[in-house]
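J.: need the 3D shape of this:
(chains A, B, C, D, E, F, G and H)
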Number of protein chains: 8
Amino acid sequence: MSTPASPQQPLVGLVMGSDSDWPVMEAAADALAEFGVPFEADVVSAHRMPEEMIAYGKSARGRGLKVIIAGAGGAAHLPGMLASVTTLPVIGVPVPLKTLDGMDSLLSIVQMPAGVPVATVSIGGARNAGLLAVRMLASAQDELGQQLAERLAEFAVGLKAAAARKGE
Amino acid sequence: MSTPASPQQPLVGLVMGSDSDWPVMEAAADALAEFGVPFEADVVSAHRMPEEMIAYGKSARGRGLKVIIAGAGGAAHLPGMLASVTTLPVIGVPVPLKTLDGMDSLLSIVQMPAGVPVATVSIGGARNAGLLAVRMLASAQDELGQQLAERLAEFAVGLKAAAARKGE
Amino acid sequence: MSTPASPQQPLVGLVMGSDSDWPVMEAAADALAEFGVPFEADVVSAHRMPEEMIAYGKSARGRGLKVIIAGAGGAAHLPGMLASVTTLPVIGVPVPLKTLDGMDSLLSIVQMPAGVPVATVSIGGARNAGLLAVRMLASAQDELGQQLAERLAEFAVGLKAAAARKGE
Amino acid sequence: MSTPASPQQPLVGLVMGSDSDWPVMEAAADALAEFGVPFEADVVSAHRMPEEMIAYGKSARGRGLKVIIAGAGGAAHLPGMLASVTTLPVIGVPVPLKTLDGMDSLLSIVQMPAGVPVATVSIGGARNAGLLAVRMLASAQDELGQQLAERLAEFAVGLKAAAARKGE
Amino acid sequence: MSTPASPQQPLVGLVMGSDSDWPVMEAAADALAEFGVPFEADVVSAHRMPEEMIAYGKSARGRGLKVIIAGAGGAAHLPGMLASVTTLPVIGVPVPLKTLDGMDSLLSIVQMPAGVPVATVSIGGARNAGLLAVRMLASAQDELGQQLAERLAEFAVGLKAAAARKGE
Amino acid sequence: MSTPASPQQPLVGLVMGSDSDWPVMEAAADALAEFGVPFEADVVSAHRMPEEMIAYGKSARGRGLKVIIAGAGGAAHLPGMLASVTTLPVIGVPVPLKTLDGMDSLLSIVQMPAGVPVATVSIGGARNAGLLAVRMLASAQDELGQQLAERLAEFAVGLKAAAARKGE
Amino acid sequence: MSTPASPQQPLVGLVMGSDSDWPVMEAAADALAEFGVPFEADVVSAHRMPEEMIAYGKSARGRGLKVIIAGAGGAAHLPGMLASVTTLPVIGVPVPLKTLDGMDSLLSIVQMPAGVPVATVSIGGARNAGLLAVRMLASAQDELGQQLAERLAEFAVGLKAAAARKGE
Amino acid sequence: MSTPASPQQPLVGLVMGSDSDWPVMEAAADALAEFGVPFEADVVSAHRMPEEMIAYGKSARGRGLKVIIAGAGGAAHLPGMLASVTTLPVIGVPVPLKTLDGMDSLLSIVQMPAGVPVATVSIGGARNAGLLAVRMLASAQDELGQQLAERLAEFAVGLKAAAARKGE
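T.: This next block holds a predicted model:
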């Protein structure tokens, strides 16, 4: 798996359970890159490297991350387990596997017990996970927040323009 | 419906499609109150007052809100429509109605098209919606963010302690 | 997207959330054309151009439309949102996307709250949406209604003849 | 079953597969009554009185009906079978039975083959079926259509007002 | 559609809603042919030729049929409607269409109301429909019944032998 | 469990996996009794007494049975296993248990592999199982068949009359 | 929660995500007790005490446990996470929560990725989890295994006798 | 079907309902082979050779087997029926067929009644079935158990290393 880490201090940790999730999760990386948000991308499997996964989550805030995006499929435990060891907001992307069209992934991610939320996006919706991370960062009152908020507003204008063009 | 608005500038807008959603959504208000996060609570129906809904979403950032929590059931369009008119992060709570156990609400909220994300929590998971909003606010580097991050860490300790006590 | 608008005053507004819905929605246009019903076709995205969408719905009756057909997929909010800003009958077509076979689209469209109905047809059933619009127009007592009612009767005869031929 | 027929020429035929559907379907009758639309209400079972059902559908337009509303549960064949023997628009109401929460009723009604549309509303959504019938009648350019269109506009204002009141 | 009618008095009526169902339904014809059971095959659409369908069902017993096999997809009303106009046993075959994998077909066929049973087989299970018809005929005490019962016993031996061979 | 065996040679074997299924399965016994069809009723568990179950199925035809009705819930293996050891037609009744509304029971019964059919009725549809058995017996050309066919015709008239009365 | 630990060296670790799971999970304890298998019971929440959970799993084999039974509901991560940190067989019990009838719990537990199996039993099937643990222990060739195998054989006889008695 | 039996006394019986299940089930054989666990592989159809199936299950323990792995699709009765005639632990693998993505297979296998457990793995999860069998064997205190436990620990290290490599 290519690891499109960016030179600056990463603000978003983009992780997935397996490198086979990358074709889906890449869209999150692209969205972050479009908004110039520095991020790191890693394979962190809840089931194959549970202690590394816990360590990743526990150290995330201290390392300067502000949001975690986690994609997983089937019995998709990665987003929820990360959310249980960090106080950062965790965005979960249900990755569809060979059967069930991602319904198992969706339910495994979204149906978290009270106390440990995961911000779940649509099945295969990695691009939206990236955009949601941008919205979260844009919500802060610092300079980056301001900049991102402006770019999000431009982005919305762009969406509208593209949609309108198609309608002509 | 009681409107548990807090005296300070609200940071979270808590809206729902109908006052019949309040028994579910109240848990979001409670979570925000526990963390001392000022919020406003309103009925804003996507289908019965669409223009007010759009106005609510468009003005949200300008009015100082940082996060929107929106609960709705059935063909639950409120969270997604708000997300389409604001650049703030929008958290969606699928409210279960009389039939289908909230599966319709969940899919109507979570399956948003690329470009307009909604941070979806579990069916009836309003408490987690509140906690997710706190995590988002705690992600900022300002004083409030610092405070909330500390309280979230304490909260996690509390969760563990309560769980452990039950296991004794 | 080709916009097969007809020269006369359009009676049916055919809209969809994205031009990628056109391969499905085209069958509605074809059905309307077969019955000589003038219509307009547009991309009107609930999520990417919400205000234009609202404006479209609000102006529909005044512009002489008698029925709206709206197709959308996933968290399919377009039909329901249009129904909330017009008093015209709105026909919803659930467009199937990559996963879930259109079940998300169907539930997002059909499970509308009391007060704001959407006349939902089958998953991918755009041809039936066109025919349903024709039935609605044929229900009026004016000249067009009479004509369309006659043509619908002929159409039913044709369906039967075609089915019977296949059985020979 | 009480048959709340109105003295004038009925414009809407309200039928259901069994009188046990009446507690659900009554809301359609109420909506029609609120708008002063004359209607007839009957038990017409697709499975227990198939020929009467066919006769009902075939005679509907000739008897002056403009819309049919049909409710049924389980293997809900009534709306689709009526739609196959009339050119009137048929509105289908999926009635939930003891198991499956009406999902079987919904799919049996909405998944009609190309050529024979049924305008399906939500599970148990009889009130919306009534309102959809009103929208169809209000779409015509005759005097009744005008009146109903005005009343629908007032109705929408009422919905908004009620929703707003709850939000205060 | 080829109509593989057999010269003798047909004992089984094999019908389907559309000739596009033939690739699935052919396996029922093959099973009947293997057992030498004379049958007739027809396209009889519940929705496109409802009165012919009713006539088919009503005349079935009188014409000497002993079992009806009906295949249909989506809002699959054919088996249930036939069962409502004949006292013969009706076997329903849920034909899978483009979406939902035949779940809509299955529920539309199997969830019949009390009073009008349909003997439903698996999704796409036309071969089993044929074999079930043979079992029904083999249940009678006449000569044909005896013969078929013997052949069914041989058939079971053959199934076992084939399965065992695969296991070697 | 009461065993409402009838004095004459039983023609239908009514079995269920557990006596807790009796409240559902009783309706099959009632239907058979209404038509004067002699039957036997037993608890025969596929999982708790597999060899007795196999023995039951293997001896069924020899003991004079003509049809087997088998009800079971959850991983409902009884109908299919009986069908694998008899050449009689086997009718399966999906019994709903505490969760899943009988969907597991339905799929476990209806989705049989090619070669071994089960005539499946609706979830909880034991009355229809009884009526389907009557239809099968009425399909034979012997005296009983004639009698039952006539009674089924009367029964259909009765259904219609009852339905019509409710519509008055 | 009562902790019915047994005086001897526990062989089975019975854990659950919350003490609210005890009413369901108690049946596993009862089954183990019936067979005289010493066990320990604890609340070990994957989400509220993730590190304790990992420690529990990692130490399980060393502490002499031979099987782990883990029950959880919703996004049920406990069984899978334990399986990822032990080489013992882990049995998962899907606990049904307020909505979705345990389907979310089932999929979250059973759909584990290749490499980390969980032995899943039915929704709410804690008694079977206990019996499965007994079967596993009875599979060993030591004295306990011999004893348990004999008792399981007696148990099967008892099941049959009980079932047969109900059928009398 | 190739029968990759191993020369030593088989400890695991690997059976499937049809040789068409082999492409899925082969992964169980591979996993067992990787760990050097001797096994036998057979086609044993619950429906086509029920008595051989019962004989297989009844003789399994006596022949020295310690675990049975059974794969089946659709109305998948093989694992549950085997579990009902042996006291060995039975692992069930839901094999996905042409429709429903294996959901029918999963429910038919996992939803066993109290008293007769099946250790169910994921849809198509034959590799995990093999690994689960190894875990069960590794749970015993004999020499083989010790060896397998060590190899499982190495295996977990390998999984982690492979996952980590992908993340680099």
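J.: in chain A, what helix or strand scores lowest on average pLDDT?
T.: The least trusted helix or strand in chain A, going by mean pLDDT, DSSP states H and E, turns out to be helix A:143-167, with a mean of 91.
J.: and it, anywhere near chain C?
T.: Yes. On the criterion CB under 8 Å from any CB of the partner chain, helix A:143-167 is in touch with chain C at A:Ala156, A:Leu159, A:Lys160, A:Ala162, A:Ala163, A:Ala164, A:Lys166, A:Gly167. In short, each C-beta sits where N, CA and C put it, glycine included.
J.: is the residue nearest to the spatial centre of chain A in a helix, a strand, or coil?
T.: Chain A has A:Ile69 as the residue nearest its centroid, 2.4 Å off, counting by CA atoms, centre = their mean. Using DSSP: H, G, I helix; E, B strand; the rest coil, the structure places A:Ile69 in strand.
J.: is it true that it touches A:Val12?
T.: Yes. Counting by CB atoms under 8 Å, A:Ile69 does reach A:Val12; the two are 6.2 Å apart.
J.: identify the contacts common to those two.
T.: A:Gly130, A:Ala133 (CB atoms under 8 Å, 6 or more residues apart in numbering or on different chains).
J.: other SSEs contacting the least confident helix or strand of chain A?
T.: helix A:126-138, strand C:39-43 (3 or more CB pairs under 8 Å, 6 or more residues apart in numbering or on different chains; DSSP states H and E).
J.: how far away is A:Ala126 from chain H?
T.: 17 Å (CB to the nearest CB, to the nearest Å).
J.: list the contacts of that residue.
T.: A:Val24, A:Met25, A:Glu26, A:Ala27, A:Ala28, A:Ala31, A:Ile69, A:Gly71, A:Val93.
J.: quick check: phi and psi at A:Gly73.
T.: Backbone torsions of A:Gly73, given as degrees, to the nearest 10, read phi -130, psi 160.
J.: quick check: closest non-adjacent residue to it.
T.: Once flanking residues are discounted, A:Gly73 sits nearest to A:Val95: 3.7 Å by CB to CB, 6 or more residues apart in numbering or on different chains.
J.: just the closest residue of chain A to chain H, please.
T.: Among all residues of chain A, A:Val43 sits closest to chain H, at 3.3 Å; criterion: CB to the nearest CB.
J.: surely that residue touches A:Asp19?
T.: Yes. A:Val43 is in contact with A:Asp19 according to CB under 8 Å; the separation is 5.3 Å.
J.: quick one: which of the two has more around it?
T.: Shown here are A:Val43 and A:Asp19; by other CB atoms under 10 Å in any protein chain shown, A:Val43 has more neighbours (25 against 17).
J.: next, the contact list for that one, please.
T.: Per CB under 8 Å, 6+ apart, neighbours of A:Val43: A:Met1, A:Val15, A:Met16, A:Gly17, A:Ser18, A:Asp19, H:Ala163, H:Ala164, H:Lys166, H:Gly167.
J.: quick check: bridge partners of the third one?
T.: A:Met16 has the following beta-bridge partners by DSSP bridges: A:Val43, A:Gly71.
J.: pull up the gap between it and A:Met25, please.
T.: 5 Å (CB to CB, to the nearest Å).
J.: equivalent analysis for the fourth one, please.
T.: Summarising the geometry, the distance separating A:Gly17 from A:Met25, computed by CB to CB, is 10 Å.
J.: quick check: neighbours shared by those two?
T.: A:Gly71, A:Val95.
J.: so A:Arg127 sits against A:Ala29, correct?
T.: No. Applying CB under 8 Å, one finds A:Arg127 not in contact with A:Ala29, separated by 9.7 Å.
J.: residues touching the residue nearest to A:Gly57 when sequence neighbours are not counted, list them.
T.: Counting by CB to CB, 6+ apart, A:Val85 is the residue found nearest to A:Gly57 once chain neighbours are left out, at 3.8 Å. Residues near A:Val85 by CB under 8 Å, 6+ apart: A:Ile54, A:Gly57, A:Lys58, G:Pro50, G:Glu51.
J.: what's the most distant pair in the residues you listed?
T.: A:Gly57 and G:Glu51 (10.6 Å; CB to CB).
J.: for the two, indicate the residue with more neighbours.
T.: Using other CB under 10 Å as the criterion, A:Gly57 and G:Glu51 rank with A:Gly57 on top: 27 against 13.
J.: surely the more buried one meets A:Pro79?
T.: No. If you go by CB under 8 Å, A:Gly57 and A:Pro79 don't touch, sitting 10.2 Å apart.
J.: any idea how far A:Arg151 is from A:Glu40?
T.: 21 Å.
J.: contacts only, for the residue in chain A positioned nearest to chain D.
T.: Closest approach between chain A and chain D, counting by CB to the nearest CB: A:Met103, at 14.6 Å. Neighbouring residues of A:Met103 by CB under 8 Å, 6+ apart: A:Ile123, C:Leu100, G:Leu107.
J.: ok, 10 Å please
T.: Listed by CB atoms under 10 Å, 6 or more residues apart in numbering or on different chains, the contact partners of A:Met103 are A:94, A:96, A:123, B:103, B:107, C:99-100, C:103-104, G:103-104, G:107, G:111, H:101, H:103.
J.: so which of those belong to strands?
T.: Counted as lying in strands by DSSP state E, out of the contacts of A:Met103, are A:Pro94.
J.: between the contacts of A:Met103, which has the most around it?
T.: Of the contacts of A:Met103, with other CB under 10 Å as the count, A:Pro94 tops at 31 neighbours.
J.: skipping adjacent residues, who's closest to it in space?
T.: That would be A:Ser105: by CB to CB, 6+ apart, it lies 3.6 Å from A:Pro94.
J.: equivalent analysis for A:Ala133, please.
T.: Closest to A:Ala133 by CB to CB, 6+ apart is A:Val67, at 4.4 Å.
J.: who does the one you found bridge with?
T.: A:Val12.
J.: contacting residues for it?
T.: A:11-14, A:32, A:37, A:39, A:60, A:88-91, A:119, A:129-130, A:132-137, B:89, B:135-136, B:139.
J.: just the ones of the contacts of A:Met103 in helices?
T.: B:Met103, B:Leu107, C:Met103, C:Asp104, G:Met103, G:Asp104, G:Leu107, H:Met103 (DSSP state H).
J.: how about CSV for those, with pLDDT added?
T.: Converted to CSV, these look like this (pLDDT from 0 to 100):
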residue, pLDDT
B:Met103, 98
B:Leu107, 98
C:Met103, 98
C:Asp104, 98
G:Met103, 98
G:Asp104, 98
G:Leu107, 98
H:Met103, 98
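J.: before we move on, back to that, out of the contacts of A:Val67, which are buried?
T.: Neighbour-count burial (16 or more other CB atoms under 10 Å in any protein chain shown) applied to those gives A:11-14, A:32, A:37, A:39, A:60, A:88-91, A:119, A:129-130, A:132-137, B:89, B:135-136, B:139.
J.: ok so A:Leu14 is a strand residue?
T.: Yes. A:Leu14 forms part of a strand when assessed by three-state DSSP.
J.: contacting residues around it?
T.: A:3-5, A:25-26, A:28-29, A:32, A:39-42, A:44, A:65, A:67-71, A:91, A:93, A:126, A:129-130, A:133.
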